[in-house]
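Trainee: Just to be clear, the model below is a prediction. Sequence and coordinates:
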Amino acid sequence: MRHLIIHRQRALMGFGLSYFCILDQTRDGFLARLEGLSRAECNALEGPTPITNGQTIEVPIDDQAHTFLIALYPEEKNMVTREIPVPAGAEDAVFVIQTDMDMRRGIVVSVGPGVRS
């Protein structure tokens, strides 16, 4: 059994928000699931794995290819990344989440490949 390892880099922007990892769901399907829910209801959904500021999570996955999303719910506005592919294989898959601030777009969340520490 391998793991999907995701490290959320510590950042001042969004420090109080939990991010969530959603495994093997489409972006459109997950956004439809959030339709009409309050921020508190989104944060309480079963299934997504929470990731706090500076935390690393390990989600068990099999050797097949997978996808995952990262979601956060600031100010009643749902933010969900694109579907991020995890290739098939026996090795752990490692990713890093970075949070930045853009004057036009607000909070910007990027997910990229990481290195196992």
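Mentor: In hand now; what should we look at? Numbers count the residues shown, from 1 in each chain.
Trainee: Show me which helix runs longest in this structure.
Mentor: Ranked by residue count, the top helix of the chain under DSSP state H comes out as helix 27-34.
Trainee: Now do the helices in this protein.
Mentor: Going by DSSP H, the chain shows helices at 27-34, 39-43.
Trainee: and of those, who's closest to S110?
Mentor: S110 lies closest to helix 27-34 among those, at 15.5 Å (CB to CB). Using the backbone N, CA and C atoms, a C-beta is placed for each residue, glycine as well.
Trainee: thinking again about what came up before, can you check which of the helices of the chain gets nearest to Q9?
Mentor: Per CB to CB, nearest to Q9 of the helices of the chain: helix 39-43, 21.0 Å.
Trainee: Which residues belonging to that closest one are considered buried?
Mentor: The neighbour-count check on helix 39-43 (16 or more other CB atoms under 10 Å) flags C42 as buried.
Trainee: hang on, the earlier thing: pull the residues that contact the longest helix of the chain.
Mentor: I22, Q25, C42, L45, L69, A71, Y73, N78, V80, T81, R82, E83 (CB atoms under 8 Å, 6 or more residues apart in numbering).
Trainee: Tell me the one among those residues nearest to Q55.
Mentor: Closest to Q55, out of all of these and judged by CB to CB, is A71, at 15.4 Å.
Trainee: Name the residues that touch stretch 54-67?
Mentor: By CB under 8 Å, 6+ apart, the residues outside stretch 54-67 that reach it are 1-10, 21, 23-26, 49, 51, 68, 83-90, 93.
Trainee: This protein: strands as residue ranges?
Mentor: Counting by DSSP state E, the chain has strands at residues 2-8, 19-23, 49-51, 56-61, 66-72, 79-80, 84-86, 93-102, 106-113.
Trainee: follow-up on the earlier one: show me which of the contacts of stretch 54-67 are buried.
Mentor: Those of the contacts of stretch 54-67 that meet the buried threshold are 2, 4-8, 21, 23, 25, 49, 51, 68, 83-84, 86, 93, by 16+ other CB under 10 Å.
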